[in-house]
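Trainee: for reference, the sequence and a predicted model appear below.
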Amino acid sequence: MIKIDMNSQEFLDEQEKTKIFTDKVCASKGWVYNPIEDVNEGVIMGLTRNKLIFNKRYCPCFMVIGETKEERNAADNRICPCKPAIEHEIPEDGHCHCGIFCTPEYAKANAIEIAAEEVAHSHSRGLTKEECEVILKHPQLDGDEIESLLEARELGMIEFNLIDVREWMEWKRGRIAGTDYLIPTTSFYNQLGQIEDQKDKPIIVYCLTGSRSAYCQEVLKDMGWKQVSNYRQGIIAYRGKVLKGE
C-alpha cells in the first residue's frame, strides 16, 4: 500500500497544479465543475495522488493497471480527461464517470435537485415550482418529500394524483391527507378506470410499507402512465396528517 501525506508540501503544491489543470480542462471543453464540491475535491485529490505516484493524472475512479510504465501504457488506463468521458459519458449523461466534469445543463439541474432535497427534508422554506418538478420526477420518494409536494399542490404550484393501493379496510383506518384515489391492489385493473384519462398527470402511489405500491408502480408504467413515483417507506413511516374513516 502506497501512503501519501496529504499535508506534505509536495502534495499541496501538486494539488494546486492539478486544480489549475482541471480549470483549464473546463475552460477548453466548455464544461463546469460538479455543484457538489466534495466530489470535485475528492477527484482532484485522487488525480494529485496518481500524478505523484505514476507521473500521470490517471482517473482516480479506476484501478491503474501495470507495474511498469510500459505495462501501464499498454493497459490503456484512463488519463484525465479520458476518452470515454469526452466521447460518451459527458455528451450522453451530462457528467464524467468521476463526476467532476459536467455540462452546464447537468450542473444546473443537479444544483436545483440538491437544493430541493435540502428544503424538502429541512422544511426551511417552501419548495419552488422548479424544485417541485425535480422531486416529482424521482421514482422513489420519502415522507418528507410527500409532505412538501402536498403543501406545494395546495398552493397550486404542481399537479399530481396521490393514490392509495391498500384495501378499503386499511384506507378506513388511516390514509394520507390529500389522497385522491383508493385503487386496491387486489382489484387494481378493475379500478383503473378512475384515472384512465389521466395518463399524462404525474402519480404517486403508496401502501403500508412500499412493497405493494412498488408493484403497482411498475404496472402503471407498463400500461402507459408517463410519470409514476412510489412512496418507498409506506404510510407506516408517514409523519404528516392522516385522515380516518370513510
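Mentor: Now that the structure is in, tell me what you want to look at. All figures in this text were calculated on a predicted structure; none of them were measured in a lab.
Trainee: now the element after the helix or strand bottoming out on mean pLDDT in the chain, going C-ward?
Mentor: Within the chain, no helix or strand scores below helix 104-122, which has a mean of 80 by mean pLDDT, DSSP states H and E. For helix 104-122, the following helix or strand on the C-terminal side (DSSP states H and E) is helix 129-136.
Trainee: in CSV, list the C-alpha atoms belonging to stretch 115-129.
Mentor: The C-alpha trace of stretch 115-129 is given here as CSV (Å, rounded to 0.1, in the frame of the first residue of the first chain):
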residue,chain,number,x,y,z
ALA,A,115,-31.5,22.5,-3.1
ALA,A,116,-34.9,20.8,-3.4
GLU,A,117,-33.7,17.8,-1.4
GLU,A,118,-32.5,20.0,1.4
VAL,A,119,-35.6,22.1,1.5
ALA,A,120,-37.9,19.1,1.5
HIS,A,121,-36.1,17.4,4.4
SER,A,122,-35.4,20.5,6.5
HIS,A,123,-38.7,22.4,5.8
SER,A,124,-36.6,25.6,6.0
ARG,A,125,-38.9,27.1,3.3
GLY,A,126,-41.4,26.2,0.8
LEU,A,127,-40.3,24.5,-2.5
THR,A,128,-40.2,26.5,-5.7
LYS,A,129,-42.1,25.2,-8.7
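Trainee: contacts for it, please.
Mentor: With contact meaning C-beta atoms under 8 Å, 6 or more residues apart in numbering, stretch 115-129 is reached by 131-132, 134-135, 142, 144-145, 147-149, 151-152, 155, 157-158. Every C-beta, even on glycine, is put in place using the N, C-alpha and C of the backbone.
Trainee: tell me which two in these are the farthest apart.
Mentor: 142 and 155 (20.6 Å; C-beta to C-beta).
Trainee: please say which of the two ends up with more neighbours.
Mentor: residue 142 (17 against 11; other C-beta atoms under 10 Å).
Trainee: identify the residues contacting that one.
Mentor: Residue 142 touches 121, 231-233, counting by C-beta under 8 Å, 6+ apart.
Trainee: how about the longest helix anywhere in the chain: buried residues?
Mentor: Counting by DSSP state H, the longest helix found in the chain is helix 9-29. Of the residues in helix 9-29, 11, 14-15, 18, 21-22, 25 count as buried by neighbour count, 16 or more other C-beta atoms under 10 Å.
Trainee: list the buried ones in the helix or strand containing residue 218?
Mentor: Element membership for residue 218, per DSSP H and E: helix 211-222. Using 16+ other C-beta under 10 Å as the test for burial, helix 211-222 gives 212-217, 219-220.
Trainee: closest to residue 103 out of those residues?
Mentor: residue 217 (29.6 Å).
Trainee: and the most far-flung residue of the chain relative to its centre, how close does it get to residue 222?
Mentor: Most distant from the centre of the chain: residue 70, at 39.7 Å, with distances by C-alpha atoms, centre = their mean. Going from residue 70 to residue 222 by C-beta to C-beta, to the nearest Å gives 53 Å.
Trainee: do the same with residue 85
Mentor: Distance from residue 85 to residue 222, by C-beta to C-beta: 34 Å.
Trainee: residue ranges with poor pLDDT in the protein?
Mentor: Across the chain, the ranges flagged by pLDDT under 70 are 1-2, 122-124.
Trainee: domain map for it?
Mentor: 9-102, 139-241 (automatic domain parsing).
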